[in-house]
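J.: kindly generate the corresponding structure for this input.
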Amino acid sequence: MKHIRSEYLRGLSLLLFGMIGVSCLCFILLGVTIRTSPQSPLSELQSARIVWNSQHLSSYRMTVGFGSFGFIGNFYVTVKDDRVVQVESANNFQVDEPASLTTMPNWYSNFAKFLPNTLERYTMDQLFDFAAQKIQNEPIPPVIAWCGAVDGNPTRLRYEVAFDQEKGYITALAYTSCVKYDWGIGLLCPVISDCRAGFNIHDLQPLP
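T.: As a prediction, the model looks like this:
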């Protein structure tokens, strides 16, 4: 009886360690995104815009940071009555070029291929309009996506938008082919070294 029980416990232990090993291997190899109630990117954008509009902010100051493979530079952008009235360079390294409404840094010409072509077009309403145009044909993502792929191609060039959960404003917009996933290390997912051009917005503060 003891021998049978010992063999049973041994088999159970082997099964448990095997399951743990398979789980670890899956975590290392796979990259998975799970969405409980997926919406199209355009629907998410429209919902965020409703939240933003409810703030009734027409004057504000924000920091806009640009990057591609790495960080490039920051600007302080001041909006008054829904119009950009001042742009100041906020860089403390890498890029020392002056910024203004009429003088664009030389490096921005690379971003103008994918983003609004001047810093005058960085009011939040203009950014919502720009993003809506770019993602209008993006499909509803699946509930489970391998390597974050929406349509079977995880490295497809596309626009992605992120929002502030409380105030609804756009916090990031990128033209990207980066592979995205929420679970796993994703060693089986394709890797592209330079896959993104975009901006992040933070420190958005209302002005009187």
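J.: switch to C-alpha atoms for all contacts and neighbour counts from now on
T.: Noted.
J.: could I get the buried residue list for the lengthiest helix in the chain?
T.: Assignment by DSSP state H gives helix 2-29 as the longest helix of the chain. Across helix 2-29, burial judged by 16 or more other CA atoms under 10 Å covers Cys26, Phe27.
J.: who touches the following helix or strand past it?
T.: Downstream of helix 2-29, the first helix or strand assigned by DSSP states H and E is strand 32-34. By CA atoms under 8 Å, 6 or more residues apart in numbering, the surrounding residues in contact with strand 32-34 are Val143, Ile144, Ala145, Trp146, Cys147, Gly148, Lys180, Tyr181, Asp182, Trp183, Gly184, Gly186.
J.: so what's the residue lying closest to the fifth one once chain neighbours are set aside up against?
T.: In this case it means Cys147. Spatially, and ignoring its direct neighbours in sequence, Cys147 is nearest to Gly31 (4.8 Å; CA to CA, 6 or more residues apart in numbering). With contact taken as CA under 8 Å, 6+ apart, Gly31 is in contact with 146-148, 180-189.
J.: how about a cut-off of 7 Å?
T.: With contact taken as CA atoms under 7 Å, 6 or more residues apart in numbering, Gly31 is in contact with Trp146, Cys147, Tyr181, Asp182, Trp183, Gly184, Ile185, Gly186, Cys189.
J.: next one: Ile135
T.: Ile135 touches Pro41, Leu42, Tyr159, counting by CA under 7 Å, 6+ apart.
J.: Leu42 and Pro139 touch, don't they?
T.: No. With contact defined as CA atoms under 7 Å, Leu42 and Pro139 do not form a contacting pair (8.8 Å).
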